[in-house]
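requesting a structural model of the entry that follows:
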Amino acid sequence: MKTVHIALLGLATIGLGACASYSDDDDVYVAPAPVGPGAVVGTVAADVDGDGMIDGYYDANGNYTAWVAPPCPPAPAPVYVPEPTGERG
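Sure thing, here's the model as predicted:
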């Protein structure tokens with residue numbers, strides 16, 4: 001019985017050892033970042049002031065670009081209400 005246990009232990013060691021890789025040049029594969037609405041492909045989001053809102057992004061060269069909001073729309077034209085005419089009172 002001891003021989004069976006020793007043989008099983010030896011086979012398990014050899015089997016698990018075959019799965020190990022000692023190569024240092026293994027390629028590391030990283031999943032691509034999800035691209036959602038408003039995302040710029042190839043950039044990293046940046047939260048500069050730490051408030052949890054994305055303030056800009058870093059491009060592949062490490063340059064920071066801040067998000068710039070579009071200008072506000074112009075104010076609506078005042079509504080002209082003619083004064084009532086005729087007698088009052």
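
in this structure, which spans are strands?
Assigned by DSSP state E, the strands in the chain fall at 44-46, 56-58, 64-66.

and the second one, what does it pack onto?
Okay, so that is strand 56-58. strand 44-46, strand 64-66 (3 or more Cβ pairs under 8 Å, 6 or more residues apart in numbering; DSSP states H and E). C-beta coordinates here come from the backbone N, C-alpha and C atoms, glycine included.

hmm, who's touching it?
Contact with strand 56-58 is made by V40, T43, V44, A45, A46, V48, Y64, T65, A66, W67, as judged by Cβ atoms under 8 Å, 6 or more residues apart in numbering.

can you lay out the residues you listed as TSV showing neighbour count and distance to Y80?
Below are the contacts of strand 56-58 laid out as TSV (neighbours: other Cβ atoms under 10 Å; distance: Cβ to Cβ, whole Å):
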residue	neighbour count	distance to Y80
V40	11	45
T43	15	49
V44	12	52
A45	13	47
A46	14	48
V48	11	46
Y64	12	48
T65	13	44
A66	9	41
W67	12	39
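
what is the most widely separated pair among those residues?
Largest separation among those by Cβ to Cβ: V40 and V48, giving 16.1 Å.

a markdown table for the helices and strands packed on strand 56-58, including distance to E87?
Below are these laid out as a markdown table (distance: least, Cβ to Cβ, whole Å):
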| stretch | distance to E87 |
| --- | --- |
| strand 44-46 | 68 |
| strand 64-66 | 62 |
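
export those as a markdown table, with columns for distance to E83 and mean pLDDT.
Listed next are the helices and strands packed on strand 56-58 as a markdown table, based on distance: least, Cβ to Cβ, whole Å; pLDDT from 0 to 100:
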| stretch | distance to E83 | mean pLDDT |
| --- | --- | --- |
| strand 44-46 | 56 | 79 |
| strand 64-66 | 49 | 85 |
